[in-house]
Structure formats: structure tokens, C-alpha cells
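>>> Prediction below, plus the sequence it came from.
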Amino acid sequence: MTTLDLNWQSDALDPTLGFFEETLAIRGGYHRTDEGEHGEAIFTTSSYVYKSAKDAADHFDGTKKGNVYSRHTNPTVRAFERRLALLEGGERCVATASGMGAILTMCLAYLKAGDHLLCAKQLFGSSVALFDTYFRSFGVEVSYVDCFDNDAWQNAIQDNTKILYCESPSNPLAQIADLRFLANLAHDNGAMLIVDNCFATPAIQKPLELGADVVIHSASKYIDGQGRVLGGALVGSNELMEKAFTVIRTGGISLSPFNAWVLLKGLETLSIRMKAHCDNANRVAEFLSSHPNVQKVHFSGLPTHPSHELAKSQHTHLDVQGGAFGAIIGFEVADKDKAWHVIDSTQVISITNNLGDAKSTITHPASTTHFRMTPEQRVQAGVNDGLIRLSVGLENVNDIINDLKRGLDEL
Ligand SMILES: *Cc1c(COP(=O)(O)O)cnc(C)c1O
């Protein structure tokens, strides 16, 4: 008989043996059932059966631990959570239906009216919309500072600041927040540091090791890695994750078992994919910075990037020649028409705003992802009309470079 194990820290491997991360990504977190399946099973069930009325009552009053309903727990979702917790080095992970679901959970679990949320300006657009449209109206104070400006973070701290929140590297200019500094600043002021680790992934950077309290993921990006499903997650201490879990199961922000299975399999190849993404991105950044029609390249892997050394000191987990800086590159040509020409000259790279996919993607932020901002806001965010954002995929790097070169040479 299969015994249910709701111990969130448990792992199919004996953790005291100290396995390497690539092994944990493939073997960790899954408890094989008595059927002996080698591939992980998908439990497509909404509810669970009890042995007796007493057994049901014991599950409800907590005497017995076990599955009750898949909005609360599901074995496939738990396997994904355990595996991601192992990779981020957190006590526990709780999965959500999407990355935005994780950010919503963060706000509901850790903020109340009268609290102050201090954020980086360089955030995913929907995160800003969520904070400004909804949480302000619930009485949460929200303010924004440049993610790389330590003095600005320090000056913006208030007595009621509860969360410092950032992405690093950020999109689309690859700006880097000093996570060790921000963790200390948060803790000295009775607040938490929460980091959206979507662009680096645990294969490159582990924010909890640098002092963050919670890591947020949009698993829809590199964790899936092939643009198939939506998913999200939070990782941190048992205490903080229990609060998040209560919000998820009560609010119904739960991840579907099928999506959890896709993401569980995505984690198996995460580090090998990220290595190839980073290798390709380093080569593409080098090509772009030497092209006469490219005015500026935003990529922390370039020695000229103001946060190059900081990025190196935070991105310590992946052995890539030239360093691991992720695979999102911003680059500028003279104006919007030229940017559109480069984009329209591609054959391999997809024109889409998604990123973190095996397929390279290209987008013009000023007319798509940042379209709703006023021109002044765009200037402030560094998104000018000639900016192009590239998510470097896993195609042969020469094809990616040639795809860009075609349009760039014609400018
Ligand atoms: C895409 C993204 C999100 C939102 O994730 P979804 O899974 O699309 O809800 C959050 N943060 C970052 C940095 C993202 O790129």
C-alpha cells in the first residue's frame, strides 16, 4: 500500500547523502507509488477517498495528514513543489496556477491595510498593475525605486515597510539588484526581501542563499522551458510557506496536476538548458555589441555593464564559459522604424512577447509590453523607441546571429 507522506521536506533520495543539484532536479521530490512507475504519475483527481467515516473526520480535523481535495494538495503538484524547494534551497515550496498567482499570493499572505510594499521600478508589468490597481485600493502603500540604487531603497524605507520586492536580472534592461544589501536592509527594518527569480532560475542564482526570505517564480518561463503551460511558485521557510499555502487553497490559486507534471519534467533539464541558453546569449551579446548599427546592448554579461561584477557575485551556480548572466538581452537601434525592420527581417526568431523558451523570441517593448506607459514613463524606465528585447533560445547560435544580422546590416 502506498503511504501518503505530507512531510514537505521529504525527498525520494536520502538528503543526508548530499546529492548534486543536477541529480536532485531529476530524482528529487518524487515518491514512486506501488505500481513501480519510472516516469512520474499525473494524479488527475479532484478529490480523495477515505476508508471510513472516522478516517474522513480524522483528515478534516488534522489528526491524519493526507489529501482532501486538489485545491489543497495533489501528489503531482507536491512532487513539483518538493523538487523546486530542493533546487532553491528552501524548506518548502508552494505552487500556484501562474506567476501572477504567486505574486497575488505574496500580497494576500504577507500584507494588510496600512502596510508599505517597497518595489523595484523594473518589474513585470502585471505586477505593477496588481499592486497599483488593487492593493493600493485595499489600503496598502506602494512605492517604487530603481532596483540598482541602494541609496534609493534605503531612503524609501518607512516604519510600516513590510516587503522589499524586486526582480534580478530585470526585464528588459538586465538591471541587477544587490540582493545581499537588500536582504540586510529589509531585516534591519523588520521587513522581508522577496525576489522574483524568473530570469535567473535556481540553476544560476539562489536568492535564499543571498538572504532573501521568499523566492517567487513564474514557472511558465524557463522552468517549463518550452512555452507549454502556466505555473508559478513561492519558496521559503515552513512558516512563510504555510501562510502562502492557506491563501492558495482558500483562494483557489492552485496549480493543475497536468501543469505540475510538465513543470516537474521541465526541472529535470533546467540546468543543462540554462547552460545552453547562457552560452548562446553570451555569443549573441558579443555579436550585437560589435555591430555598427547597434547603439547599445543591455546585458549584465558585458564587462561594460554597470552591474557586471555584482551579477557575477550573485550568479554563482552555473559553470558557463564567460559567466552565466541569463539569456534576456535588450539592444538599441536608432529608432522605432529601424527596430521594426530588424524584427520583421527575422525568420527563425518568433515575434512574441513570451520569453524563456527553447525558441528565441523578439519584441519591441515600446509598442507592446510597455505600450500602456506614457512616453515619459517609458523614458524613465529606459525603454526608448529603438529598444528591442531578445530572449535567446536554444537554436544553433549561428542561426540566431544570422537572423539578427540580416536586418541589422540593412539599416
Ligand atoms: C511572466 C512573468 C511573470 C508572470 O508570470 P505568469 O506565469 O505569466 O503569470 C512574473 N514575473 C516575471 C519576471 C515574468 O517574466
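In hand now; what should we look at? Owing to the predicted nature of the structure, the values given are computational and were not obtained by experimental measurement.

>>> Please make it C-alpha for all contacts and neighbour counts, starting now.
Noted.

>>> Adjacent strands (with direction) for the longest strand along the chain?
For the chain, the strand that runs over the most residues, judged by DSSP state E, is strand 161-167. Strand 161-167 pairs in its sheet with strand 116-120 (parallel), strand 192-196 (parallel), by DSSP bridges.

>>> close enough to count as contact, residue 82 and residue 28?
Yes - between residue 82 and residue 28 there is a contact at 7.4 Å, judged by C-alpha atoms under 8 Å.

>>> Excluding chain neighbours, what is closest to the residue in the stretch 51-200 of the chain that the ligand sits nearest to?
The minimum distance from the stretch 51-200 of the chain to the ligand, using C-alpha to the nearest ligand atom, falls at residue 99 (3.4 Å). Excluding the flanking residues, the one nearest residue 99 by C-alpha to C-alpha, 6 or more residues apart in numbering is residue 218, at 3.7 Å.

>>> For that neighbour, name its beta-bridge partners.
So, taking DSSP bridges as the rule, residue 218 has residue 232 as bridge partners.

>>> Of the strands paired with strand 161-167, flag the one that's most buried.
For the strands paired with strand 161-167, ranked by mean neighbour count under the definition mean count of other C-alpha atoms under 10 Å, the leader is strand 192-196 at a mean of 26.

>>> Helix, strand or coil: sort out residue 331 for me.
Secondary structure state of residue 331, per DSSP: H, G, I helix; E, B strand; the rest coil, is strand.

>>> number of nearby residues for it?
Counted with other C-alpha atoms under 10 Å, the neighbours of residue 331 add up to 21.

>>> can I assume it is in contact with residue 383?
No - Residue 331 lies out of contact with residue 383 (C-alpha under 8 Å); the separation is 10.2 Å.

>>> Give me the residues contacting the longest strand of the chain.
110-111, 115-120, 122-123, 147, 176-177, 182, 186, 189-199 (C-alpha atoms under 8 Å, 6 or more residues apart in numbering).

>>> Also within reach of the ligand: list those from the residues you listed.
residue 198 (C-alpha under 6 Å from any ligand atom).

>>> All the helices of the stretch 1-150 of the chain, residue numbers only.
21-27, 53-61, 75-88, 99-110, 125-129, 150-156 (DSSP state H, counting those that start in this stretch).

>>> Let me know the helix or strand that residue 274 is in.
helix 270-289 (DSSP states H and E).

>>> just how off-centre is that helix within its chain?
In this view, helix 270-289 has its centroid 18 Å away from the chain centroid, taken as C-alpha atoms, centre = their mean, to the nearest Å.

>>> just the CA coordinates of it, formatted as CSV?
C-alpha atoms of helix 270-289 as CSV (Å, rounded to 0.1, in the frame of the first residue of the first chain):
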residue,chain,number,x,y,z
LEU,A,270,16.7,23.1,-16.3
SER,A,271,20.4,23.4,-15.6
ILE,A,272,21.5,21.9,-18.9
ARG,A,273,19.1,24.2,-20.7
MET,A,274,20.2,27.3,-18.8
LYS,A,275,23.8,26.5,-19.6
ALA,A,276,23.0,26.4,-23.3
HIS,A,277,20.8,29.5,-23.1
CYS,A,278,23.6,31.4,-21.3
ASP,A,279,26.2,30.2,-23.8
ASN,A,280,24.1,31.3,-26.7
ALA,A,281,23.3,34.6,-25.1
ASN,A,282,26.9,35.4,-24.4
ARG,A,283,27.7,34.8,-28.1
VAL,A,284,24.7,36.9,-29.3
ALA,A,285,25.6,39.8,-26.9
GLU,A,286,29.2,39.8,-28.2
PHE,A,287,27.9,39.9,-31.8
LEU,A,288,25.4,42.7,-31.1
SER,A,289,28.0,44.8,-29.2
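
>>> Which strands or helices does it pack on?
When contacts are defined as 3 or more C-alpha pairs under 8 Å, 6 or more residues apart in numbering; DSSP states H and E, helix 270-289 packs onto helix 201-204, strand 296-298, strand 328-332, helix 397-409.

>>> That one to strand 328-332, inter-axis angle?
Relative orientation of helix 270-289 and strand 328-332, computed by axes from the mean of the first three to the mean of the last three C-alpha atoms, to 10 degrees: 10 degrees.

>>> Buried residues, helix 270-289. List them.
Across helix 270-289, burial judged by 16 or more other C-alpha atoms under 10 Å covers 270-271, 273-285, 288-289.

>>> what angle sits between it and helix 397-409?
Angle, helix 270-289 to helix 397-409, by the same axes, to 10 degrees: 30 degrees.

>>> quick thing: my sequence starts at 5, can you match it?
With 5 as the first residue, the last one maps to helix 274-293.

>>> show me what contacts residue 217?
Contacts of residue 217 by C-alpha under 8 Å, 6+ apart are 187, 196-198, 240-241.

>>> May I have the predicted confidence score for it?
We have a pLDDT of 98 for residue 217.

>>> One more: residue 82?
As predicted, residue 82 sits at a pLDDT of 95.

>>> Then the one 10 residues further on?
Per-residue confidence (pLDDT) for residue 92: 96.

>>> Please apply the same query to residue 14.
The model's pLDDT for residue 14 equals 44.

>>> what do you get for residue 64?
88.

>>> Distance check, the residue lying closest to it once chain neighbours are set aside against residue 159.
Spatially, and ignoring its direct neighbours in sequence, residue 64 is nearest to residue 72 (7.8 Å; C-alpha to C-alpha, 6+ apart). Distance of residue 72 to residue 159, given as C-alpha to C-alpha, to the nearest Å: 47 Å.

>>> Same check on residue 270?
40 Å.
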